[in-house]
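[1] Requesting a structural model of the entry that follows:
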Amino acid sequence: MIYTVTLNPSVDYIVEVEQFELGSLNRTVADTKFPGGKGINVSRVMKRLAVESNALGFIGGFTGKFVEDFLNLEKIPSNFVKVSGDTRINIKLKTEVESEINGLGPNISEDQLTEFFEIFQKMTREDIVVLAGSIPGTLPSSIYKEIIAVCKEKEIKVVADVSGDALKEVISEKPYLIKPNHHELGELFNTEIQSVEEALVYGKKLVKQGVKHVIVSLAEKGALLITENNSYVANVPKGKVLNSVGAGDSVVGGFISAISKDYSIEEAFKIGVAAGSATAFSMELCTKQKIEELLPYIEVNEVKGEER
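    Next up, the predicted model:
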């Protein structure tokens, strides 16, 4: 089973306003609600690619029930620890430019944290754990490292789609896959990354540190996959970007879905890039049909780079 971990899920309230004026009454032209959180997005993308997963994390209140009911409707199993506060609401404002207001999230007690860790004790070495998203301030900053330690004991593969200090911590634990974008990769090395060539140099450094696979997304410049023996670059297909939320999560969902079906690493990378692009070109997460439409327009080529 693939388990996705979303420590701080949300209800994403997506609001479209034609012309937003700060300090004035603005009326929406469209709005909708979805369960949010990077791990949940990964689960939803995998479901669309006919791969089962189990969503883990903490939920509470009427907003938590919305998240759980929504996943039930999409037939995605979940095993959330229930907390007393409300799951947060994140506002995604779509107007001339995208803006976001993210909530804090509920408090989590020691007992609830213990209940959460008990779930990992039941996993086996055939399982995969996907850690995705930020760590809420109500949890210890070392929680991802602690989860990976439990997974290591059981020889469980760990995928980490995280950023900032959490990314620095998980790298030292040598996960199966990480997926920084070029900005996040640059932050790790206190530099600025502008090109595929530069991303390749620093991605290789992470593989040398023990990370099994590194996918670096470079927006319109494509994406890189770096492994111990080979590196690949993929273009992104042309299209109008409608929604950047969830595009990176879709790359992870597409890639892991393909790996779980024993696709080659190049094919899995291609499907991941197609899934990310399909979400970016949609108002919501990608569909299987949209992914299949884009696949013929994506080329994956091996790339060599000089060591520095």
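
[2] host element of the residue nearest the centre of the chain?
    Nearest to the mean C-alpha position of the chain, counting by Cα atoms, centre = their mean, stands Asp249 at 3.1 Å. Here Asp249, judged by DSSP states H and E, is contained in helix 247-260.

[3] Show me which positions of that helix end up buried.
    Buried residues in helix 247-260, counted by 16 or more other Cβ atoms under 10 Å: 247-260. Where you see a C-beta, it was placed from the backbone N, CA and C, and this is true even at glycine.

[4] what does stretch 94-109 give?
    For stretch 94-109, the neighbour count (16+ other Cβ under 10 Å) marks 94, 103, 105-106, 108 as buried.

[5] confidence score at Glu100?
    Per-residue confidence (pLDDT) for Glu100: 89.

[6] Also Glu96?
    pLDDT for Glu96: 83.

[7] Tell me the secondary structure at it.
    Of the three states, Glu96 takes coil under DSSP: H, G, I helix; E, B strand; the rest coil.

[8] Equivalent analysis for Tyr232, please.
    strand.

[9] can you pull out the strands in this structure?
    Secondary structure of the chain by DSSP state E: the strands cover 2-6, 10-16, 30-36, 53-60, 81-83, 88-94, 98-101, 128-132, 157-161, 177-178, 213-217, 223-226, 231-234, 300-302.

[10] Quick check: which of the ones you listed is nearest to Met46?
    When the strands of the chain are compared by Cβ to Cβ, strand 53-60 sits nearest Met46, at 5.1 Å.

[11] Wait, the residue nearest to the centre of the chain touches Asn41, no?
    Yes. If you go by Cβ atoms under 8 Å, Asp249 and Asn41 touch, sitting 3.7 Å apart.

[12] between these two, what contacts are shared?
    In terms of Cβ atoms under 8 Å, 6 or more residues apart in numbering, Asp249 and Asn41 are both contacted by the residues Ala132.

[13] roughly how far apart are Asp262 and Lys145?
    Distance of Asp262 to Lys145, computed by Cβ to Cβ, to the nearest Å: 30 Å.

[14] between these two, which one's more packed in?
    For Asp262 versus Lys145, neighbours defined as other Cβ atoms under 10 Å are more numerous around Lys145 (14 against 8).

[15] For the more buried one, list the residues it contacts.
    Residues near Lys145 by Cβ under 8 Å, 6+ apart: 169-170, 172-173.

[16] Return the distance of it relative to Tyr176.
    In terms of Cβ to Cβ, Lys145 sits 15 Å off from Tyr176.
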